[in-house]
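Undergrad: sequence and predicted structure below; questions after.
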Amino acid sequence: MVKIPESTIEQIKARADILDVISEVVTLTRRGANYVGLCPFHDDHKPSMSVSPAKGIYRCFSCGNAGNVITFVMEYDKITFVEALKKLAERYNIPVTWIKDDDGVRSSDFSQLYELHEYAKSFYQKQLYSEKGKKALHYLHSRGFSDEVIKEFNLGYAPSSWEDLLNQINRKVYSDKILDLSGLFIEKKNNAGFFDRFRDRVMFPIKNISGRTIAFGGRALDPEDPAKYMNSPETKIYNKSEILFGFDISKDAIRKKEYSLVVEGYTDFLRLFVYGFKNVVAGSGTALTQGHGKALQRFTRKVVLCYDGDEAGQKATVRAGFIFLKAGFDVKVIVLPEKDDPDSFLVENGYDAFFEKIVKAPDFLRYLLDTNQQKLQSPVEKSEFIEFMVKEIAEIEDNVVRDYMVKNLAESMNINEERIISQMKHFFNKKAAFAKNPESKKEKNPIPVIETAADKAEFHILELILTQRQELMDTVYHHLDTDNFQHPVARKIMEVILRRLNADNSIEAKALFDEVWSNDEKILLAKTIEDSAILEKKEPEVLKNLAIDCIETLLIHQINIQINEIRLKMKNAKQKGYDEMKLMKEHKSLQDQKKMVTEALRNPSAKI
């Protein structure tokens with residue numbers, strides 16, 4: 001084993017500027033001799049972290065996290081002491097010489113996961129410019145992305161064969177455990193090895209705010225592939241609900257411009273960035289969450305949303321808008337034509353037209369009212385809309401923003417402001433009564449019920465996982481992740497289980513109750529644990545069949561949702577101008593996909 005000499009460590013400590021390092025991920029404001037900012041280690045809403053350049057230390061007065069520049073890097077990047085030293089040495093161009101030490105530190109899982117992702121990024125880049133990658137390179141060039149852009153953003157190509165990346169990995173360095181944890185590979189049945197997760201896809205590296213590759217998004221080249229986009233699963237180094245695509249390269253522009261453009265897709269991000277709109281971020285394979293808002297909070301409190309112009313894009317805009325409002329952001333919305341996404345609009349109309357859209361972007365409330373105006377023609381529709389708005393506005397903590405929303409909503413709906421305030425008070429009183437009187441839950445605000453076949457399947461899956469039988473757990477993780485869970489409580493339980501397992505923590509019943517749960521969640525968690533204890537007494541074959549049935553139910557359920565959306569479009573095809581032939585092909589493809597799911601699950605030798 002080797003270690004870094006003490007003299008080198010002291011040199012790193014002397015050269016590493018704590019203000020420089022922390023300000024890369026936290027917006028700091030001078031306050032006397034020190035600097036303050038939002039603490040990145042907890043959900044901080046007012047500056048709790050103080051940085052002292054003179055003393056070379058930082059401290060959060062809220063959560064208690066404190067230390068020097070090395071501690072900060074260790075805590076923020078979740079790496080070991082030696083790895084933090086290596087990172088700082090590289091940053092400040094300090095040569096590192098190693099000395100032997102029988103008690104040296106082994107490379108952590110985190111370090112190997114980072115290394116593996118960097119290797120995968122380089123591998124995919126090389127493949128893009130190889131014979132195998134011609135089709136992918138042509139696709140990117142046809143979309144208007146130059147070689148300069150491709151190389152700047154490390155775009156690549158995952159070949160179509162099953163084990164191209166796997167065969168390049170040094171198996172003496174990376175154990176099966178690391179391959180499994182990385183999310184880059186899928187384990188074959190019966191522990192028969194691994195195969196590449198990404199195949200025949202244009203690859204978009206997803207990086208953390210420090211610029212380290214932690215995951216990938218892959219765009220299918222085969223138009224018949226039902227999964228147009230595929231993303232890495234959550235891992236020890238990748239939390240989907242906190243990572244924004246491109247944030248590492250756009251954060252300085254966001255800080256300088258004092259606002260961030262927010263888009264949905266990777267190509268939307270690239271197009272805006274290439275056209276000069278460098279203060280932009282995108283989701284990384286998941287819907288926007290409070291965690292994404294928290295990440296942006298450290299650099300700005302203003303966002304301009306720019307999603308697709310179709311109905312799905314409008315719904316996503318509404319969800320994102322309220323998330324940012326509740327997080328204390330000033331929110332505006334760019335309205336695109338129904339046929340456009342940010343990428344296509346920029347290509348067709350250019351910089352000036354898009355910049356004008358930014359300048360004229362209405363605030364979020366104005367957008368909501370304008371887009372719903374035609375739907376609010378009857379008193380019933382108006383009442384339902386106001387009820388929806390009251391519930392959302394009530395969750396906004398900033399009193400000034402909440403009062404502004406109430407006032408403008410009343411004026412726009414042409415009703416007395418006092419009526420909305422009265423309804424708001426009624427909502428608050430209802431919440432207060434609910435909090436004080438748990439016995440009234442069933443009457444006033446029932447817990448989320450388990451009623452549909454999909455709901456039941458989700459909770460059965462959780463019960464199977466909690467039996468902690470490895471074969472069952474492997475089967476579930478092979479086919480499902482948190483995105484397959486729609487019931488709010490089931491989804492949270494699954495997220496907690498995966499997080500604890502990834503952190504090598506226990507998922508025993510008493511350990512799960514160490515987590516923070518609402519009273520409603522505790523009820524369903526307790527029921528799930530009790531039902532799991534009953535399943536433990538069942539024969540393995542019975543449990544295996546139950547797992548397959550539930551997985552099939554959930555996968556088919558999600559396909560059926562897509563089929564219903566296609567059918568609705570087919571019904572309104574002439575009115576909306578949709579391509580009926582294309583819709584029919586999509587419908588058939590989804591029907592075929594259902595058959596493939598069933599056949600694959602019932603045939604042990606097949607893969608899905």
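TA: That came through fine.
Undergrad: for D200, grab the count of nearby residues.
TA: The number of residues packed near D200 is 17, by other CB atoms under 10 Å. Where C-beta positions appear, they are placed from N, C-alpha and C, glycine not excepted.
Undergrad: not counting sequence-adjacent ones, nearest residue to it?
TA: Leaving aside its sequence neighbours, D200 sits nearest to S160 (CB to CB, 6 or more residues apart in numbering; 3.8 Å).
Undergrad: from what I see, the one you found and F198 are in contact.
TA: No. Judged on CB atoms under 8 Å, S160 makes no contact with F198 at a distance of 10.2 Å.
Undergrad: those two: who's more crowded?
TA: F198 (26 against 14).
Undergrad: remind me which helix or strand the more buried one belongs to.
TA: Under DSSP states H and E, no helix or strand contains F198.
Undergrad: quick check: it touching A158?
TA: Yes. Using CB under 8 Å, F198 is in contact with A158, at 3.9 Å.
Undergrad: what is in contact with these two at once?
TA: L165, G218 (CB atoms under 8 Å, 6 or more residues apart in numbering).
Undergrad: for the helix of greatest length in the chain, which residues meet the burial criterion?
TA: Counting residues, the longest helix in the chain under DSSP state H turns out to be helix 540-571. Of all the residues in helix 540-571, those buried under the rule 16 or more other CB atoms under 10 Å are 543-544, 546-548, 550-557, 559, 563, 566, 569.
Undergrad: ditto for stretch 19-27
TA: So stretch 19-27, judged by 16+ other CB under 10 Å, has buried residues L19, V21, I22, V25, V26, T27.
Undergrad: next, the distance between the ends of it.
TA: 10 Å (CA to CA, to the nearest Å).
Undergrad: identify the residues contacting that stretch?
TA: So stretch 19-27 is contacted by 28, 35, 37-40, 49, 51, 53, 58, 69, 72-73, 76, 88, 91, 209-210, 251, 255, 298-299 (CB under 8 Å, 6+ apart).
Undergrad: same question, stretch 136-154
TA: 121, 125, 128-129, 155, 157, 201-202, 204-205, 213, 221, 249, 267, 270-271, 274, 347.
Undergrad: now the buried members of those.
TA: 121, 125, 128-129, 155, 157, 201-202, 204-205, 213, 221, 249, 267, 270-271, 274.
Undergrad: of those residues, which belong to helices?
TA: K121, Q125, L128, I249, T267, L270, R271, V274.
Undergrad: quick check: the fifth one touching V347?
TA: No. Assessed by CB under 8 Å, T267 is found out of contact with V347, at 10.4 Å.
Undergrad: distance of I214 relative to Y238?
TA: 5 Å (CB to CB, to the nearest Å).
Undergrad: ditto for L601
TA: From L601 to Y238 the distance is 27 Å (CB to CB).
Undergrad: dump the residue contacts of K492.
TA: Counted by CB under 8 Å, 6+ apart, K492 has contacts E521.
Undergrad: could you grab the helix/strand/coil label for it?
TA: Assigned by DSSP: H, G, I helix; E, B strand; the rest coil, the conformation of K492 is helix.
Undergrad: what does the one 3 residues further on give?
TA: Classification of E495 by three-state DSSP places it in helix.
Undergrad: need the pLDDT of it.
TA: The pLDDT attached to E495 in the predicted structure is 91.
Undergrad: strands of the stretch 251-400 of the chain, start to end?
TA: For the stretch 251-400 of the chain, the strands defined by DSSP state E, counting those that start in this stretch occupy 260-263, 280-282, 302-305, 330-333.
Undergrad: packing partners for the shortest one?
TA: This means strand 280-282. helix 247-257, strand 260-263, helix 266-274 (3 or more CB pairs under 8 Å, 6 or more residues apart in numbering; DSSP states H and E).
Undergrad: could you give the average pLDDT over it?
TA: Here the average pLDDT along strand 280-282 is 97.
Undergrad: got the buried residues for that strand?
TA: Quick answer for strand 280-282 (16+ other CB under 10 Å): V280, V281, A282.
Undergrad: please work out which helix or strand belonging to this structure has the smallest mean pLDDT.
TA: helix 441-444 (a mean of 40; mean pLDDT, DSSP states H and E).
Undergrad: next one: whatever helix or strand comes next after that helix to chain centre, how far?
TA: Downstream of helix 441-444, the first helix or strand assigned by DSSP H and E is helix 453-466. With CA atoms, centre = their mean, to the nearest Å as the basis, helix 453-466 stands 23 Å off its chain's centre.
Undergrad: how many other residues sit next to the residue nearest to V318 when sequence neighbours are not counted?
TA: In this structure, V318 finds its nearest non-sequential neighbour in L368, 6.9 Å apart by CB to CB, 6+ apart. L368 has 24 neighbours, counted by other CB under 10 Å.
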